[in-house]
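# okay, here's the prediction I keep looking at, along with the sequence it came from:
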Amino acid sequence: MAIVLVRHGESVLNAKKVFQFPETPLSERGLGQAEKVGARLASLNIARIIASDYERAHNTAKAVSRHTGIDVEINTLLRERNFGDLRGLKHDEIDFDSHAADYDPPNGESWSVFDARVDRAWQAILDEASRTSGNLAVVSHGLVCASIARNHLKLVAGETMPAHWPNTAVTIFENAPPHAVTVAGCGEHLDTPDVMDAGYMAGL
C-alpha cells in the first residue's frame, strides 16, 4: 500500500506573501486547487485521510473527502512550522533570512524543534498506514512535506524532489521501508502545474 502526501491549496496569505496564522483560509484559487487534487485522489483507492488542523490544510482535506467519501481525521503534529511573532508580517517587511538554520522565531519553533515534531508525525503516519487497508492520504504543509521528503523518503530512478513545494503537490511513496517515491511533488492535476506559488518559502 502507499501513502499519498499532499500540500494544501493556495491560501489568502500565500497570495499576499504574508507569514500565516492557523486560521488562514484558502483563496478562491486554492479552493479550486483543492477540488482538483480531490478529484485526482478519487482514483487512488484512498482508505483514510489524515490532515493538519490548520484551516488551509483541513479545508483541502475536506475537498479530498468529498471526492473519496472518506472522513477527515486530524493530527496536530502535521501543523506547519510555527513562525511565532513573524505571523502577520509580509515577507518583504523583514531584512533577514527567516529560514536560516540558526534563526529561532520569537515565540515560534526552531528548526530542530520543528524537525523533531515532524519526525513524530512521520512515525504516526507509518503507524496509521500499518492499520489501513488501502492507501493513506496525508494533507499538510510545504515545510512538513519537505522535511518528510528530506529525512525519510528514498527517490527511485527518474524522480527528483521539487526545489519548491507547489500548492496541492502530490507525493506518493510506499509505506514500507525504504519508502520509495513513485511520484514526487507533482501538480499535473492543475491547469498550470509549473507555476510556483509565493507561499512556499514562508513554510505556509
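Yep, it's here.
# in the chain, which spans are helices?
If you assign secondary structure with DSSP state H, the helices in the chain sit at 12-16, 28-41, 55-68, 111-130, 142-152.
# stretch 61-69: which residues count as buried?
Judged by neighbour count using 16 or more other C-beta atoms under 10 Å, the buried positions of stretch 61-69 are Ala61, Lys62, Ala63, Val64, Ser65, His67, Thr68. Backbone N, C-alpha and C define where each C-beta goes, glycine included.
# the fifth one is in contact with Ile49, isn't it?
Yes - counting by C-beta atoms under 8 Å, a contact exists between Ser65 and Ile49, whose distance comes to 5.9 Å.
# which neighbours do these two share?
Listed as contacting both Ser65 and Ile49 by C-beta atoms under 8 Å, 6 or more residues apart in numbering are Asp71, Val72.
# what comes up buried for stretch 118-129?
Buried residues in stretch 118-129, counted by 16+ other C-beta under 10 Å: Val118, Ala121, Trp122, Ile125, Leu126, Glu128, Ala129.
# contacting residues around the residue of the chain positioned farthest from its centre?
In the chain, the greatest distance from the average C-alpha position (C-alpha atoms, centre = their mean) is reached by Asp95, at 26.5 Å. Not one residue lies near Asp95 by C-beta under 8 Å, 6+ apart.
# partners of the helix or strand bottoming out on mean pLDDT in the chain, with directions?
The weakest-scoring helix or strand in the chain, judged by mean pLDDT, DSSP states H and E, is strand 154-155 (a mean of 88). Strand 154-155 has the following sheet partners, assigned by DSSP bridges: strand 180-186 (parallel).
# my read: Lys16 touches Leu89, true?
No - applying C-beta under 8 Å, one finds Lys16 not in contact with Leu89, separated by 10.9 Å.
# before we move on, back to that, and the buried residues of stretch 61-69, which is closest to Ile172?
Proximity of the buried residues of stretch 61-69 to Ile172 (C-beta to C-beta) peaks at Val64, which lies at 13.8 Å.
# ok so, going back, quick check, nearest of the buried residues of stretch 61-69 to Pro106?
Of all the buried residues of stretch 61-69, Pro106 sits closest to Ala61, with 30.2 Å by C-beta to C-beta.
# surely the closest one and Asp53 touch.
No - counting by C-beta under 8 Å, Ala61 stays clear of Asp53, with 9.7 Å between them.
# and the residue lying closest to Glu174 once chain neighbours are set aside, what does it touch?
The shortest distance from Glu174 to any non-neighbouring residue, by C-beta to C-beta, 6 or more residues apart in numbering, is to Ala180 (5.1 Å). Contact analysis of Ala180 by C-beta under 8 Å, 6+ apart lists Leu153, Lys154, Leu155, Val156, Phe173, Glu174.
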